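**Student:** I would like the atomic coordinates for the input below:
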Amino acid sequence: MSETTTQTRRVAVAGAEEIVLEWAGATDTGLRRDNNQDAFLTEFPLFIVADGMGGHAGGEIASQSTVARLGEVVAAGEVSTDTIEAALHKTVQDIADHPETTDEGTGTTLTGVYLDLSGEEPRWVSLNIGDSRVYLLRDDRLVQVTTDHSVVQELISSGRLSAEEAEGHPYSNVITRAVGASELLPPDYLGIEVLDGDRFVICSDGLTKELTDYGIQHFLREYADPGTAVDAMLAAALENGGRDNVTLIVLQVSRPTAADDSSSTAAVGIESD
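**Tutor:** Prediction:
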């Protein structure tokens, strides 16, 4: 397995302040699948993972189309909830029109974050459809930012199933929302402060099937460089079974001039436009 390269971007914000972003991403077919139906995009300001489903070719078509359409949004220079949703509507049509899309269940998850510089203060906006996840390590505490759109999560939320009972549940792979599988529902969005030292992990369930939250936190603590952390987590997921395609992005923030001014660590919800 080759070493994953860390990329760096310096972003000017209000006044003379600068935010430094470092990130790395990788994907692997895993040990039990014939092809890789995952795809990811790491093009500032958007960082996303898509996990396809629906037959041998269908899932790959769905995830790659999603990434391609969102790549066009980045290239156009305006990443927002409106432009993301417009791109996803095009993706749904792409999937329906593709000659190899024959399975009605063809679709993909989508999750990630983008840096929003449109307001007075910069903020992250997370987006999510399906059961791929965004995690945030802040103040040495790992939090799952996104909420899975899955049958198991609905059972947990209703109190009918515990988190422990969810492990290995027969419906653990059944998601309730996807891009392309039916009429498009918008992603869930969440606004998040941009704080010095924050580290995000954006991943498909191929990672979380093999690594616990504690395991993800361990590797983030162990490796400061995003590329090294990605490689270590990917290797661990394969060593633990590699039952699915595995895709992850590690994204970290340095905002030293604002570090002393930040007192709140809570994520703030926003509504979709």
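**Student:** contacts and neighbour counts: CA atoms only from here.
**Tutor:** OK.
**Student:** ends of stretch 191-204, how far apart?
**Tutor:** 21 Å (CA to CA, to the nearest Å).
**Student:** for that stretch, what is the average pLDDT?
**Tutor:** For stretch 191-204, the mean pLDDT works out to 97.
**Student:** Strands along this structure, start to end?
**Tutor:** Assigned by DSSP state E, the strands in the chain fall at 7-12, 18-28, 38-43, 46-53, 107-108, 110-116, 123-129, 133-138, 141-144, 188-193, 199-203, 246-254, 268-269.
**Student:** What residues sit buried inside the third one?
**Tutor:** What that stands for is strand 38-43. Residues of strand 38-43 classed as buried by neighbour count (16 or more other CA atoms under 10 Å): 38-42.
**Student:** Please apply the same query to the second one.
**Tutor:** Residues of strand 18-28 classed as buried: 18-19, 21-28 (neighbour count, 16+ other CA under 10 Å).
**Student:** okay if I get these as a markdown table plus distance to residue 74?
**Tutor:** Listed next are the buried residues of strand 18-28 as a markdown table, based on distance: CA to CA, whole Å:
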| residue | distance to residue 74 |
| --- | --- |
| 18 | 21 |
| 19 | 19 |
| 21 | 17 |
| 22 | 18 |
| 23 | 17 |
| 24 | 18 |
| 25 | 17 |
| 26 | 20 |
| 27 | 21 |
| 28 | 24 |
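**Student:** Quick check: the farthest pair among the residues you listed?
**Tutor:** 18 and 28 (33.7 Å; CA to CA).
**Student:** quick one: buried residues of the lengthiest helix in the chain?
**Tutor:** In the chain, taking DSSP state H as the definition, the longest helix is helix 58-76. Counting neighbours by 16+ other CA under 10 Å, one finds that the buried residues in helix 58-76 are 58-71, 73-74.
**Student:** residues making contact with that helix?
**Tutor:** The contact list for helix 58-76, computed with CA atoms under 8 Å, 6 or more residues apart in numbering, reads 36-41, 43-46, 48, 50-53, 79, 83-84, 87-88, 90-91, 94-95, 98, 100-103, 106-109, 179-180.
**Student:** Pull out the buried residues from the residues you listed.
**Tutor:** By neighbour count, with 16+ other CA under 10 Å, these hold 36-41, 44-46, 48, 50-53, 79, 83-84, 87-88, 90-91, 94-95, 101, 103, 106-109, 179-180 as buried.
**Student:** what pairs with residue 135 across the strands?
**Tutor:** residue 144, residue 201 (DSSP bridges).
**Student:** Around it, how many other residues sit close by?
**Tutor:** Residue neighbour count, defined by other CA atoms under 10 Å, stands at 20 for residue 135.
**Student:** Could you do residue 97 as well?
**Tutor:** Neighbour tally, residue 97, other CA under 10 Å: 11.
**Student:** rewinding a little: would a markdown table of the buried residues of strand 38-43 with pLDDT be doable?
**Tutor:** What follows is these, written out as a markdown table (pLDDT from 0 to 100):
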| residue | pLDDT |
| --- | --- |
| 38 | 96 |
| 39 | 97 |
| 40 | 98 |
| 41 | 98 |
| 42 | 98 |
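**Student:** Let me have those residues in a markdown table, adding distance to residue 126 as columns.
**Tutor:** Converted to a markdown table, the buried residues of strand 38-43 look like this (distance: CA to CA, whole Å):
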| residue | distance to residue 126 |
| --- | --- |
| 38 | 19 |
| 39 | 17 |
| 40 | 15 |
| 41 | 14 |
| 42 | 14 |
